[in-house]
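>>> sequence and computational prediction follow.
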Amino acid sequence: MTAQKIDGKAIAAALRGRIGAAVQDLQNRHRKMPGLAVVLVGEDAASQVYVKNKGVATKEAGMTSLEFRLPADTPEEVLLGKLRELNADPAVNGILVQFPVPAQISQQVVIDTIDAAKDVDGLNPANAGRLVSGLDALTPCTPLGSVILAKETLGDLTGKHAVVIGRSNLVGKPVAQLLLRENCTVTTAHSRTSDLPAVCRQADILVAAVGIPEMVKADWVKPGACVIDVGINRIDAPEKGRGKTRLVGDVAYDDAAEVAAHITPVPGGVGPMTIACLLRNTLTAFCRQNGFEEPEV
Ligand code: NDP
């Protein structure tokens, strides 16, 4: 079998298009548009690219994009002051602090300070708790994007056995919760799981969110499974020339694609869904804050 490649780029572009149309419709009816504030502390090169891409995508969707760049030596209290200001600003519906933050700032304190209603990263414990409780929640973007890809590919996920490798607050745990909400039978695996390959072989849906390049081998994959590879790992690529690198996922793609029925590539799979879901969360936050009906996107 050669698996069908799940085209995250196309699915994300379609989602962004639907979000843009919904924003336009809300603007026409209410003369208001969603606003997303992104805060970057320091000059980390990768973070600067992420923030720039988020700003471009936000504007393309017809939303207001606000960017705040603070120096690397910004004291924690100054950042928290900025976040309190944004919490109180009615034109700001979503707030995202680009992680990682410099060492003098606690990531958890930042997460706790952002108003849960504006927490478009879905990391605030109030949102994590609401997700577990089956209540409306803002949900972390990469997990949301991963589950959308599985649903777009398989349709109804009811009764499927999903194995999630990874239990971080950012990816593994929320993916597992979202799959549970879709009526999957969910197994969460991690670094202490016994006989991980055997656990993975039970999966109708296998989600890898580990951070180890190409760890999941072909014989870990159940024939016909749907494989969602969240991992983004940069490895040396001497075949491309001296000092060159390339991106790979947590799954050995070529080999696993011989066994799976559906598989996400890296890049071009889960990655593009993350920004699309950030826009979706901003739209959701905007509607809930204003008491508007949430459009189906
Ligand atoms: P973390 O490092 O926070 O978590 C990794 C998880 O993998 C942990 O739960 C850990 O288990 C588990 N793990 C580590 N080693 C093994 C092993 N040998 N066997 C089984 N499980 C193991 O990473 P994140 O969750 O933040 O990210 C995971 C991956 O997803 C990374 O590659 C990251 O780059 C990528 N990512 C991609 C995004 C995207 O937009 N596509 C966004 C966010 C992340 P334990 O808890 O026991 O230590």
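Noted; the coordinates are in hand.
>>> now the strand or helix carrying residue 280: buried residues?
Secondary structure from DSSP states H and E places residue 280 in helix 271-290. Using 16 or more other CB atoms under 10 Å as the test for burial, helix 271-290 gives 271-287, 289. From N, CA and C alone the C-beta is placed, and that goes for glycine too.
>>> then stretch 37-50?
37, 38, 39, 40, 41, 42, 44, 47, 50.
>>> let me see the ranges of the helices in this protein.
8-30, 45-60, 76-88, 107-113, 125-132, 141-154, 172-181, 196-200, 253-256, 271-290 (DSSP state H).
>>> could you export the fifth one as CSV, CA atoms only?
To tie it back to what came earlier, the one meant is helix 125-132. Output of helix 125-132 as CSV, limited to C-alpha atoms (Å, rounded to 0.1, in the frame of the first residue of the first chain):
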residue,chain,number,x,y,z
PRO,A,125,-5.3,26.2,32.9
ALA,A,126,-8.9,27.5,32.7
ASN,A,127,-9.0,26.6,29.0
ALA,A,128,-7.2,23.3,29.6
GLY,A,129,-9.7,22.5,32.4
ARG,A,130,-12.7,23.4,30.3
LEU,A,131,-11.5,21.2,27.5
VAL,A,132,-11.2,18.2,29.8
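>>> next, the angle from it to helix 271-290.
Angle, helix 125-132 to helix 271-290, by axes from the mean of the first three to the mean of the last three CA atoms, to 10 degrees: 100 degrees.
>>> which neighbouring elements make contact with helix 125-132?
helix 172-181 (3 or more CB pairs under 8 Å, 6 or more residues apart in numbering; DSSP states H and E).
>>> against which helices or strands is the helix it packs on packed?
Helix 172-181 sits against helix 125-132, helix 141-154, strand 161-165, strand 185-189, strand 205-208, with contacts defined as 3+ CB pairs under 8 Å, 6+ apart.
>>> angle of that helix against helix 125-132?
30 degrees.
>>> ok so, going back, kindly identify which of the buried residues of helix 271-290 also come near the ligand.
Among the buried residues of helix 271-290, the ones lying near the ligand by CB under 6 Å from any ligand atom are 271, 274.
>>> list phi and psi for the residue of the chain most remote from its centre.
Computed with CA atoms, centre = their mean, the residue of the chain farthest from its C-alpha average is residue 242, at 32.6 Å. Per-residue torsions, residue 242: phi -60, psi 130 (degrees, to the nearest 10).
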